[in-house]
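Quick check, what structure comes out for this input:
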Amino acid sequence: SNSPLRWASTLVVSEPLLEGAVVSPGTQSAVTAGQQLGGDSVSLLVVDESVPQQVPEGVSQVYHVPIGDRLSETVASAIQHIATKQEWGHIVAPATKFGSTVIPRAAALLQVSPVTDIIEIVASDTFVRPMYAGNALAKVKANDALKVLSVRPTSFDKAPLQDCAGVETVDDVTPFGKAVWEGESVSKSDRPDLGSAPVVVSGGRGLQSGDNFVLLEELADQL
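So this is what the prediction gives:
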């Protein structure tokens, strides 16, 4: 690409930290995608009460916004705030439930068009994304100086974790005031999240009965 911002930095937006202040697998994949964009550095934005003890390899700087609510509007506001600190080339988040609500809001605040659910990076301004429920693939070129993107975690390897070094606390972001984060109820499973699972096993009419779905469990254990 001949984009003048080819060597600008990339900002990866972290999903909310997991139990124990651990970075999510989706965020690890987003960092890998960020490294493929060809910028001169990759930074990580974490909007969470806690600071991660480890971050994906390749992250040179962590911006920590110590806000506990997980409202999409608050995270989007934090992205807009950080985006004014320097000339970013790309802002990237995983295309999960988190990213699918945050990225469009952030793009609107920054007045750019987002490119979502990217499965391949062709160049710093050209991406492949599925359309029509995955029945077609589109190659999209983004013309905005700042590219705001979401990437499908299963299409990019998870960057291994390393100890977190440089952390800059950003405490002048104002939480969204028209709603209150009350909490969440998350079902726990020993299996990986669907969005980051390397192998997905599904069944339908061929199993004939719900009682036979235990066969899927046994197959998944073998895989």
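
need the helices for this protein, in chain order.
25-36, 72-83, 97-110, 214-222 (DSSP state H).

And the spatially most central residue of the chain, how close does it get to residue 71?
The centre of the chain sits closest to residue 94, judged by CA atoms, centre = their mean, with a distance of 2.1 Å. Going from residue 94 to residue 71 by CB to CB, to the nearest Å gives 18 Å. Yep, even glycine has a C-beta here, placed from its N, CA and C like the rest.

what does residue 13 give?
For residue 13 relative to residue 71 (CB to CB), the value is 14 Å.

between these two, who's got more neighbours?
residue 13 (27 against 20; other CB atoms under 10 Å).

Contacts only, for that one.
By CB atoms under 8 Å, 6 or more residues apart in numbering, residue 13 lies in contact with 30, 45, 75, 79, 91-93, 99, 102-103, 106.

ok, back up a step: quick one: closest of the helices of the chain to residue 55.
helix 25-36 (8.0 Å; CB to CB).

Quick one: work out the angle between that closest one and helix 97-110.
Here helix 25-36 runs at an angle of 50 degrees relative to helix 97-110 (axes from the mean of the first three to the mean of the last three CA atoms, to 10 degrees).

Residues touching helix 25-36, excluding its own?
10, 12-15, 42, 44, 56-59, 90, 92-94, 96, 98-99, 118, 121, 149, 151, 153-161, 192-193, 195-196.

try 6 Å this time
By CB atoms under 6 Å, 6 or more residues apart in numbering, the residues outside helix 25-36 that reach it are 10, 12, 14-15, 42, 56, 58, 92, 94, 96, 121, 151, 153, 156-159, 196.

I only care about these that end up buried; give me the ChimeraX line for that.
Buried residues among the contacts of helix 25-36 (16 or more other CB atoms under 10 Å), as a ChimeraX selection:
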select :10,12,14,15,42,56,58,92,94,96,121,151,153,156,158,159,196
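
Among the contacts of helix 25-36, which lie within strands?
Within the contacts of helix 25-36, residues falling in strands by DSSP state E are 10, 12, 42, 56, 92, 94, 121, 151.

I am finished for the moment; much appreciated.
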